[in-house]
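Chemist: just a sequence and a predicted model for now, questions to come.
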Amino acid sequence: MTYTRESIPDLTGKTAVVTGANGGLGLETAKAFASKGSHVVMAVRNQKKAEKAVAEILAETPDASLELVELDLAAQESVTQAAKTILASHERVDILVNNAGLMALPQRQTADGYEMQFGVNHLGHWTLTALLMPAILAAPDARVVTVTSTAHHLGRSVDPANPHLLGKYSPWGAYGQSKLANYHFGLGLQREFEKAGVKAQSLIAHPGLSHSDLQVHTAQEGGAGWTGPFFAWMAKYTGMDTAAGSMPQIRAATDPNAKGGQFYGPRFVNNGPAVRLWTVRPGADDAIETLWKVSEIETGVPLEITP
């Protein structure tokens, strides 16, 4: 049976944090949560764009409960402040969707000296998740959903000797590494939840080929060469719209039958309804352990799960 927005159960009383909720898949996710009664914390960098997103959500759901929190995943200081702001207002976080991301950019660094894609797509979300953990664990049945990509199949596990790909950078290689890190993070977090004996669950999702801001931004940046405009064209004319592309992460976050450690994406690889996918984990345990060590060393933020 196809899972649609109408399938989402009542979310009244729940607090959902969505990164990158001011456009694309994140905006559609925020719309879906708000329409079902959740209080949605829109954690975003571009506040002007966020104000337009808020207006768009309210036009669809006039009584939506929304909150804007400034979050720049490319700066650990901003991530820390965003987490403090959220924790100051919310004792619990029922849903966290680590959605925001960058794709195939020219080589550049974050404010903390991280390779930009690894820094934003993974390390920023690592710190946000770690700092919000007390509120996540305070919820009776919290879910953390981390958004990966089919490009994780092309990525290599993080090399602890060179996590920022110095001297080995390529736009798509860095993107693949960051998306594989997202994949391993989601699986590793579920493993940690199980070890700690808590009810919180971690799931992963990918949107397939969706016509979103991500594709357009990649083409504009020019770091991916001809492939950027090519995939932007493919997404526009053969991909799904953002409403359909967001359904895997929405299903992972809200389907009562979904379980920790599961992976959701389009039925036909890059298109189709949101379904559960197989998780392929050759060598994942070692990769997850390495990712945990690298993430803690780079950010200085341990991810502690205390029941």
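Modeler: Nice, thanks for sending it over.
Chemist: low pLDDT regions in this structure?
Modeler: Residues of the chain meeting the criterion pLDDT under 70: 209-239, 269, 281-283.
Chemist: now the strands: where do they sit in it?
Modeler: Along the chain, counting by DSSP state E, strands occupy 15-19, 39-44, 65-70, 95-98, 143-147, 201-205, 263-268, 271-277.
Chemist: can I get these in a markdown table including mean neighbour count and distance to residue 52?
Modeler: For the C-beta atoms, the positions are set from N, CA and C on the backbone; glycine is no exception. A markdown table is the format used below for these (neighbours: other CB atoms under 10 Å; distance: least, CB to CB, whole Å):
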| stretch | mean neighbour count | distance to residue 52 |
| --- | --- | --- |
| strand 15-19 | 28 | 16 |
| strand 39-44 | 27 | 11 |
| strand 65-70 | 17 | 11 |
| strand 95-98 | 30 | 20 |
| strand 143-147 | 27 | 22 |
| strand 201-205 | 27 | 25 |
| strand 263-268 | 20 | 28 |
| strand 271-277 | 18 | 26 |
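Chemist: make JSON lines from those strands and add distance to residue 286 to it.
Modeler: Conversion of these to JSON lines gives the following (distance: least, CB to CB, whole Å):
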{"stretch": "strand 15-19", "distance to residue 286": "28"}
{"stretch": "strand 39-44", "distance to residue 286": "32"}
{"stretch": "strand 65-70", "distance to residue 286": "35"}
{"stretch": "strand 95-98", "distance to residue 286": "23"}
{"stretch": "strand 143-147", "distance to residue 286": "19"}
{"stretch": "strand 201-205", "distance to residue 286": "18"}
{"stretch": "strand 263-268", "distance to residue 286": "19"}
{"stretch": "strand 271-277", "distance to residue 286": "22"}
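Chemist: right, and those - which one's nearest residue 120?
Modeler: The closest of those to residue 120 is strand 15-19. By CB to CB, the value is 9.8 Å.
Chemist: partners of the closest one in the sheet?
Modeler: strand 39-44 (parallel), strand 95-98 (parallel) (DSSP bridges).
Chemist: so what touches it?
Modeler: 26, 29-30, 33, 38-44, 71, 73, 86, 90, 92-100, 125, 128, 132, 139, 253 (CB atoms under 8 Å, 6 or more residues apart in numbering).
Chemist: tell me the gap between that strand and the middle of its chain.
Modeler: Per CA atoms, centre = their mean, to the nearest Å, the displacement of strand 15-19 from the mean C-alpha position of its chain is 10 Å.
Chemist: now the angle from it to strand 143-147?
Modeler: 20 degrees (axes from the mean of the first three to the mean of the last three CA atoms, to 10 degrees).
Chemist: okay, how far is it across stretch 248-265, tip to tip?
Modeler: Taking CA to CA, to the nearest Å, stretch 248-265 runs 5 Å from one end to the other.
Chemist: next one: stretch 95-105
Modeler: So stretch 95-105: terminal residues 29 Å apart, CA to CA.
Chemist: equivalent analysis for stretch 160-176, please.
Modeler: Stretch 160-176 end-to-end distance (CA to CA) = 16 Å.
Chemist: wait, residue 45 sits on residue 75?
Modeler: No: counting by CB atoms under 8 Å, residue 45 sits too far from residue 75 to count as a contact (9.2 Å).
Chemist: closest to residue 198 out of the strands paired with strand 15-19?
Modeler: strand 95-98 (14.2 Å).
Chemist: got a list of contacts for the closest one?
Modeler: Contacts of strand 95-98 (CB under 8 Å, 6+ apart): 11, 14-19, 26, 29, 33, 38, 125, 128-129, 132, 136, 142-147, 182, 249, 253-254.
Chemist: if anything else comes up later, I'll come back, but that's it for now.
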